[in-house]
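Undergrad: I would like to see how this sequence folds:
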Amino acid sequence: QVQVVKARAVLNANIGACYIKLLEWKEAVNACSEALLDDPQYTKALQRRATSNMELNTWSSFDIRSRRFVYYNKLLTVLPDSSDEVKEIKRTLQLLKPRAEAAQKQETAEMLDKLKGMGNSILGNFGLSTDNFKFVPNGQGGYSMNFSR
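TA: Predicted structure coming up:
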């Protein structure tokens, strides 16, 4: 039973490696996650999942403040200090935060543009636009809305 679980973890991690070679990052993350369900300490699966998440480069893939840092920090605890990968992981951790923040800003801007477009399509029926509404910080953590034509 234990051998079957270990073999399944290895197979799923290898499937993840195949997806990485094909540049199929989401599938690689899923395959490596399956491997880690069977063996949470499996370093190759941890590395492959972390690498694939890094390549996805979207805010949702970063899920940064929780999972991604946890993956890399877990690798740091599992790998021996003399390992060559430890230096690479530490370097990656330094690069991760700014990349995540940039991805968050980009996705937020895209989402707001889509919402603005939807708002304009609805308000256009009344001869209005989202540009007619100005939001001004009120100093108490909220916003005041002003209407102008």
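
Undergrad: buried residues in the longest helix anywhere in the chain?
TA: Longest helix of the chain, by residue count under DSSP state H: helix 84-123. Across helix 84-123, burial judged by 16 or more other CB atoms under 10 Å covers 89, 92-93, 96, 99-100, 103. In this view, the C-beta of every residue, glycine as well, is placed from N, C-alpha and C.

Undergrad: can you give me the end-to-end span of stretch 129-136?
TA: End-to-end distance for stretch 129-136: 17 Å, by CA to CA, to the nearest Å.

Undergrad: buried sites along it?
TA: Along stretch 129-136, these residues count as buried under the neighbour rule (16+ other CB under 10 Å): residue 130.

Undergrad: please state the offset of that stretch from the chain centre?
TA: Mean-position distance between stretch 129-136 and its chain equals 32 Å (CA atoms, centre = their mean, to the nearest Å).

Undergrad: same question for stretch 2-12.
TA: Taking CA atoms, centre = their mean, one finds the center of stretch 2-12 at 27 Å from the center of the full chain.

Undergrad: quick one: mean pLDDT for that stretch?
TA: Mean pLDDT, computed over stretch 2-12, is 95.

Undergrad: then stretch 72-87?
TA: The model assigns stretch 72-87 a mean pLDDT of 78.

Undergrad: so residue 146 sits in a strand?
TA: Yes. Applying DSSP: H, G, I helix; E, B strand; the rest coil, one finds residue 146 inside a strand.

Undergrad: can you give me the pLDDT of residue 58?
TA: pLDDT at residue 58 comes out at 59.

Undergrad: ok, back up a step: which strands and helices sit next to the next helix or strand along the chain from the longest helix of the chain?
TA: Note on helix 84-123: by DSSP states H and E, the next helix or strand toward the C-terminus is strand 133-137. Under the contact criterion of 3 or more CB pairs under 8 Å, 6 or more residues apart in numbering; DSSP states H and E, strand 133-137 touches strand 143-147.
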